[in-house]
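I would like to see how this sequence folds:
(2 chains)
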Number of protein chains: 2
Amino acid sequence: MAVDVGALRVAPGERAGLDGRPTDEHLGLADKEEGGAAHAELLDELRELHERLWAEAERSVLLVLQGMDTAGKDGTIRRALSGLNPQGCAVTAFKVPNNIELAHDYLWRVHAACPSRGRLGVFNRSHYEDVVATRVLGTVDERTWRRRYGHVRDFEQMLTDEGTTLVKVFLHISRDEQRARLQARLDDPTKRWKFQPEDLETRRRWDDVRAAYEDAISETSTDAAPWWVVPADHKWVRDVAVGALLLQTFRRLDPQFPPSDPRLDGVDIE
Amino acid sequence: MAVDVGALRVAPGERAGLDGRPTDEHLGLADKEEGGAAHAELLDELRELHERLWAEAERSVLLVLQGMDTAGKDGTIRRALSGLNPQGCAVTAFKVPNNIELAHDYLWRVHAACPSRGRLGVFNRSHYEDVVATRVLGTVDERTWRRRYGHVRDFEQMLTDEGTTLVKVFLHISRDEQRARLQARLDDPTKRWKFQPEDLETRRRWDDVRAAYEDAISETSTDAAPWWVVPADHKWVRDVAVGALLLQTFRRLDPQFPPSDPRLDGVDIE
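Below is the predicted model:
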């Protein structure tokens, strides 16, 4: 694999250091064409390994996507999973919690959506909203959101122990890139439906949201479930990077077709 | 659209007539190459309309896939949905009911899996197992499975009235083609995991299963939710036919991007 993603990892126990991480780098790829070719090649291998994960039906993978507004969570799902068997995927988008969800602890709806064995689950937003958005909006107090870091570490450790490998990705864009993307949503009639009036408010809170992510990522990057900060100003870099992170995970899992039943050897169907 | 699927419809009130319907026809397409090109073209349009359905978020589509064993339900899902945004798809495979499911009526788990507004749902098997498999295996008596035809018609009418368009597809293969596919599963080590010992038993009951489908399709092809019998001996014909059925459905729905909020006109992002 020609795509170098090693440096994107947030080492457990260290600060995320978002301000020092570039949003526009190319990860050793010359240009968009080379990136596209690398992405197509790794998708072929990923597709094969995903089929094996499904056949094996023993373990699962959970891709968690977070990022500032317009960082490209939806686009990543559309493109990084392109051509994977939809039957082996389970995508969940977490919106503002509804009444039934709010009547439970914040991990309740998240746990219910975790992928079953054999599946690649994708979370478009996640329980990290409960330590980021809630903090910025002031809907929970500091004692509560600080205490949640521990819950999240424990919850993810349990998932890992029981057979789910987490790939936690922060899509990292610059303030300027967000401005350009929000403006594009306003100006393009086929994109304006994605624009929410609240987006303007969120834009104003850029610094607060970034600070909350800096803390949340630093506090929850663990050996079991580390964070990866993916430069996302260029969509093609983002797509190939997320593909490479999934591929290295699937390679490490190395799922196998189940052993075949020897009683079936030599059977002829009538 | 060059693919002629009109004749695949089972007219409400008439018999399905499975014995008289070919399993190996080409639907007016010359060969696999022409079929692949037609499929690629209609997928492009389908992808665009699927994106609009998601943006509109008012209505949903439900593709129900049934067929004799090996008819190609999994393969259809992999190929007919190829490249659609996975976030706007919800695939559910119904297996033998578990204890919790059996503790409810047979439509309970099916209803829970119906797609939310804006989504394309796909059922790999469905409530039709509850009038076919149960009948063949003798797990419910005749009075029960006969009564269910009415429930199913009523349930699907309600779904339709409330905004879900059903596309019910019977993947139609010949007895010989099933034999060849089962044998291939046995002989190919990367496919043998799909082979269940029960498949041999199901193979022996070919005539009973076919008769049960003949009745179920005849009884439940309605104006609101008609059945389509897709020739499925050739995988490429099956894929392009299912794609064409979805496309004609999406074209009829003609989903639209939501109206944009005029208060957003001329807004500049800082």
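
Quick one: residues contacting residue A:121.
For residue A:121, the contact set (C-beta atoms under 8 Å, 6 or more residues apart in numbering or on different chains) comprises A:60-63, A:89-92, A:113-115, A:164. (Glycine included, C-beta is placed from N, CA and C.)

Which two of those residues have the greatest separation?
Longest distance between any two of the contacts of residue A:121 is 15.5 Å, between A:91 and A:164; criterion C-beta to C-beta.

which bits of chain A sit near chain B?
A:55, A:74, A:77-78, A:81-87, A:89, A:91, A:93, A:122, A:124, A:179, A:182-183, A:186, A:189-190, A:192-195, A:197, A:200, A:203, A:257-258, A:260-261, A:263-264, A:267-270 (C-beta under 8 Å from any C-beta of the partner chain).

Let's see which of those residues end up in strands.
A:89, A:91, A:93, A:122, A:124 (DSSP state E).

got a winner among those for most neighbours?
Within these, most neighbours by other C-beta atoms under 10 Å in any protein chain shown means residue A:122, with 27 neighbours.

Touching, that one and residue A:63? I think so.
Yes. Here residue A:122 reaches residue A:63: they are 4.7 Å apart, a contact under C-beta atoms under 8 Å.

how far does the helix or strand of chain A with the lowest mean pLDDT sit from the chain's center?
Every helix and strand in chain A was compared by mean pLDDT, DSSP states H and E; the lowest is helix A:198-204, with a mean of 87. For helix A:198-204, the separation from the chain centroid amounts to 23 Å (computed by C-alpha atoms, centre = their mean, to the nearest Å).

For that helix, C-alpha coordinates in PDB please.
Output of helix A:198-204 as PDB, limited to C-alpha atoms (Å, rounded to 0.1, in the frame of the first residue of the first chain):
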ATOM      1  CA  GLU A 198     -28.000  26.000  13.000                       C
ATOM      2  CA  ASP A 199     -25.000  25.700  10.800                       C
ATOM      3  CA  LEU A 200     -24.400  29.400  11.000                       C
ATOM      4  CA  GLU A 201     -24.400  29.100  14.800                       C
ATOM      5  CA  THR A 202     -22.000  26.200  14.800                       C
ATOM      6  CA  ARG A 203     -19.700  28.100  12.500                       C
ATOM      7  CA  ARG A 204     -19.600  30.900  15.100                       C
END
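
So for that helix, what gets flagged as buried?
By 16 or more other C-beta atoms under 10 Å in any protein chain shown, the buried positions in helix A:198-204 come out as A:199, A:202-203.

Pass me the low-pLDDT residue ranges in chain A, would you?
Of all residues in chain A, those with pLDDT under 70 make up the ranges A:1.

For it, just list every one of the helices.
Using DSSP state H, the helices found in chain A span residues A:32-56, A:73-80, A:99-102, A:108-112, A:133-137, A:142-161, A:175-187, A:198-204, A:206-220, A:235-253.

quick one, what contacts the closest residue to residue A:73 other than its chain neighbours?
Distances taken as C-beta to C-beta, 6 or more residues apart in numbering or on different chains put residue A:65 closest to residue A:73, at 4.6 Å, once the chain neighbours are dropped. Counting by C-beta under 8 Å, 6+ apart, residue A:65 touches A:73, A:76-77, A:122-126, A:169, A:171.

So in terms of bridging, what pairs with residue A:65?
Counting by DSSP bridges, residue A:65 forms beta bridges with residue A:124, residue A:169.

any chance of the buried residues of helix A:198-204 in CSV, plus distance to residue A:5?
Rendered in CSV, the data for the buried residues of helix A:198-204 read as follows (distance: C-beta to C-beta, whole Å):
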residue, distance to residue A:5
A:199, 30
A:202, 28
A:203, 29
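
now, which of these sits nearest residue B:232?
Of all the buried residues of helix A:198-204, residue B:232 sits closest to residue A:199, with 46.4 Å by C-beta to C-beta.

coming back round to it: any common contacting residues for residue A:122 and residue A:63?
Here residue A:122 and residue A:63 have no joint contacts, going by C-beta under 8 Å, 6+ apart.

mind checking which of the helices of chain A is nearest residue B:51?
Closest approach to residue B:51 among the helices of chain A (C-beta to C-beta): helix A:73-80, 9.0 Å.

Now do that closest one against helix A:235-253, angle only.
60 degrees (axes from the mean of the first three to the mean of the last three C-alpha atoms, to 10 degrees).

So which elements touch helix A:73-80?
Here helix A:73-80 touches strand A:60-67, strand A:120-124, strand A:164-172, helix A:235-253, going by 3 or more C-beta pairs under 8 Å, 6 or more residues apart in numbering or on different chains; DSSP states H and E.
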